[in-house]
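[1] Quick check, what structure comes out for this input:
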Amino acid sequence: MIQPNRRDCLRCATPRAPPRFAASTSKAQRTGKVFVNYLRNERGATAIAPWSTRARSGAPVAMPVPWSDLELYNRADVFSITGAANLAQERTDPWPRHFALHQHMPDARAALDALQAKKVDRGSDPYSV
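    This next block holds a predicted model:
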(Lines give C-alpha, C1' and ligand atoms only; values in the text may rest on other atoms or scores of the structure.)
Protein backbone atom coordinates (compact mmCIF):
# COMPACT_ATOMS: atom_id res chain seq x y z
CA MET A 1 0.00 0.00 0.00
CA ILE A 2 2.76 2.45 0.90
CA GLN A 3 4.99 1.97 -2.15
CA PRO A 4 2.23 2.76 -4.70
CA ASN A 5 1.47 5.95 -2.76
CA ARG A 6 5.11 6.99 -2.81
CA ARG A 7 5.39 6.17 -6.51
CA ASP A 8 2.26 8.15 -7.36
CA CYS A 9 3.44 11.08 -5.25
CA LEU A 10 6.69 11.10 -7.21
CA ARG A 11 4.84 10.91 -10.53
CA CYS A 12 2.66 13.80 -9.42
CA ALA A 13 5.43 16.08 -8.09
CA THR A 14 8.15 15.79 -10.72
CA PRO A 15 6.17 17.01 -13.76
CA ARG A 16 4.64 19.86 -11.77
CA ALA A 17 8.00 21.27 -10.72
CA PRO A 18 10.72 19.84 -13.00
CA PRO A 19 13.33 22.44 -12.00
CA ARG A 20 12.86 21.44 -8.38
CA PHE A 21 12.42 17.64 -8.31
CA ALA A 22 14.18 14.74 -10.02
CA ALA A 23 13.21 11.09 -10.16
CA SER A 24 16.28 9.95 -12.07
CA THR A 25 18.99 8.06 -10.19
CA SER A 26 21.60 9.65 -12.48
CA LYS A 27 23.52 12.25 -10.48
CA ALA A 28 24.06 14.28 -13.65
CA GLN A 29 20.29 14.58 -14.18
CA ARG A 30 19.48 15.49 -10.59
CA THR A 31 22.18 18.06 -9.80
CA GLY A 32 20.62 20.96 -7.91
CA LYS A 33 17.28 19.20 -7.50
CA VAL A 34 15.49 17.34 -4.75
CA PHE A 35 15.97 13.65 -5.53
CA VAL A 36 12.71 11.82 -4.88
CA ASN A 37 13.39 8.10 -4.51
CA TYR A 38 10.23 6.15 -3.73
CA LEU A 39 12.12 2.84 -3.49
CA ARG A 40 14.36 4.03 -0.67
CA ASN A 41 12.06 3.25 2.25
CA GLU A 42 11.71 -0.48 1.76
CA ARG A 43 12.27 -3.19 4.34
CA GLY A 44 16.00 -3.67 4.70
CA ALA A 45 16.91 -0.27 3.26
CA THR A 46 19.17 1.85 5.41
CA ALA A 47 19.10 5.54 6.12
CA ILE A 48 20.92 7.86 8.45
CA ALA A 49 19.06 9.35 11.39
CA PRO A 50 19.20 13.08 12.14
CA TRP A 51 22.10 14.08 14.40
CA SER A 52 24.14 11.05 13.28
CA THR A 53 27.68 11.22 12.00
CA ARG A 54 28.04 10.07 8.42
CA ALA A 55 30.61 7.55 7.25
CA ARG A 56 32.51 10.15 5.27
CA SER A 57 35.80 11.98 5.59
CA GLY A 58 35.60 14.42 8.52
CA ALA A 59 32.53 12.61 9.94
CA PRO A 60 29.95 15.22 8.93
CA VAL A 61 26.69 15.22 10.86
CA ALA A 62 23.26 14.69 9.31
CA MET A 63 21.47 17.76 10.62
CA PRO A 64 17.77 18.54 10.71
CA VAL A 65 17.34 22.00 9.21
CA PRO A 66 14.17 24.01 8.77
CA TRP A 67 12.93 24.58 5.22
CA SER A 68 13.68 28.28 5.61
CA ASP A 69 17.40 27.50 6.08
CA LEU A 70 17.90 25.14 3.14
CA GLU A 71 19.15 27.87 0.83
CA LEU A 72 21.97 28.56 3.30
CA TYR A 73 23.54 25.15 2.70
CA ASN A 74 24.76 23.98 -0.69
CA ARG A 75 26.27 20.69 0.52
CA ALA A 76 25.23 17.81 2.75
CA ASP A 77 28.51 17.75 4.68
CA VAL A 78 28.64 21.30 6.04
CA PHE A 79 28.11 20.34 9.70
CA SER A 80 31.07 19.00 11.65
CA ILE A 81 30.60 17.39 15.06
CA THR A 82 31.65 20.63 16.75
CA GLY A 83 29.48 22.77 14.48
CA ALA A 84 26.49 20.50 15.03
CA ALA A 85 26.93 20.67 18.81
CA ASN A 86 27.12 24.47 18.71
CA LEU A 87 24.08 24.71 16.48
CA ALA A 88 22.11 22.33 18.72
CA GLN A 89 22.68 24.68 21.66
CA GLU A 90 21.49 27.70 19.65
CA ARG A 91 18.38 26.13 18.13
CA THR A 92 15.02 25.18 19.47
CA ASP A 93 13.24 21.91 18.73
CA PRO A 94 13.63 21.16 14.98
CA TRP A 95 10.32 19.25 14.98
CA PRO A 96 7.96 21.39 17.08
CA ARG A 97 4.79 20.03 15.48
CA HIS A 98 5.88 16.42 15.05
CA PHE A 99 3.76 14.85 17.78
CA ALA A 100 0.80 17.16 17.14
CA LEU A 101 0.52 16.22 13.47
CA HIS A 102 -1.86 13.37 12.74
CA GLN A 103 -2.13 12.18 9.18
CA HIS A 104 -4.10 9.30 7.79
CA MET A 105 -3.22 7.41 4.62
CA PRO A 106 -6.77 7.48 3.14
CA ASP A 107 -6.86 11.30 3.48
CA ALA A 108 -3.41 11.63 1.90
CA ARG A 109 -4.38 9.21 -0.88
CA ALA A 110 -7.54 11.20 -1.66
CA ALA A 111 -5.51 14.42 -1.86
CA LEU A 112 -2.96 12.74 -4.13
CA ASP A 113 -5.71 11.40 -6.42
CA ALA A 114 -7.15 14.91 -6.67
CA LEU A 115 -3.73 16.29 -7.64
CA GLN A 116 -3.18 13.59 -10.24
CA ALA A 117 -6.54 14.41 -11.80
CA LYS A 118 -5.63 18.09 -12.03
CA LYS A 119 -4.06 18.96 -15.38
CA VAL A 120 -0.68 20.67 -15.17
CA ASP A 121 -0.70 24.14 -16.70
CA ARG A 122 2.92 25.10 -17.52
CA GLY A 123 1.88 28.76 -17.69
CA SER A 124 0.80 28.89 -14.06
CA ASP A 125 2.84 28.60 -10.90
CA PRO A 126 4.26 25.04 -10.99
CA TYR A 127 4.44 24.91 -7.20
CA SER A 128 0.75 25.53 -6.58
CA VAL A 129 -1.42 22.49 -6.11
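
[2] give me the number of residues near residue 117?
    Neighbours of residue 117 under the rule other C-beta atoms under 10 Å: 8. C-beta: built from backbone N, CA, C; applies to glycine.

[3] okay, it: pLDDT?
    Note on residue 117: pLDDT of 78.

[4] Tell me the helices and strands packed up against the helix or strand bottoming out on mean pLDDT in the chain.
    The weakest-scoring helix or strand in the chain, judged by mean pLDDT, DSSP states H and E, is helix 2-16 (a mean of 74). Applying 3 or more C-beta pairs under 8 Å, 6 or more residues apart in numbering; DSSP states H and E, we find helix 2-16 packed against strand 21-22, helix 105-117.

[5] closest one to residue 63 among these?
    For the helices and strands packed on helix 2-16, proximity to residue 63 was assessed by C-beta to C-beta; strand 21-22 is nearest, at 21.8 Å.

[6] what element comes up after that closest one heading to the C-terminus?
    Counting by DSSP states H and E, the element after strand 21-22 in chain order, helix or strand, is helix 27-30.

[7] before we move on, back to that, okay, the helices and strands packed on helix 2-16 in CSV with distance to residue 7 next?
    Below are the helices and strands packed on helix 2-16 laid out as CSV (distance: least, C-beta to C-beta, whole Å):
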stretch, distance to residue 7
strand 21-22, 14
helix 105-117, 10
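
[8] What's the end-to-end length of stretch 89-103?
    30 Å (C-alpha to C-alpha, to the nearest Å).

[9] my bad, should have said stretch 31-43
    27 Å.

[10] Then stretch 86-94?
    Terminal residues of stretch 86-94 lie 14 Å apart, using C-alpha to C-alpha.

[11] How far does it sit from its chain's centre?
    Mean C-alpha position of stretch 86-94 versus that of the full chain (C-alpha atoms, centre = their mean, to the nearest Å) differs by 21 Å.

[12] And for stretch 23-40?
    11 Å.

[13] Sort out which residues of it are buried, please.
    Going by neighbour count (16 or more other C-beta atoms under 10 Å), the buried part of stretch 23-40 is 23, 30, 33, 36, 38.
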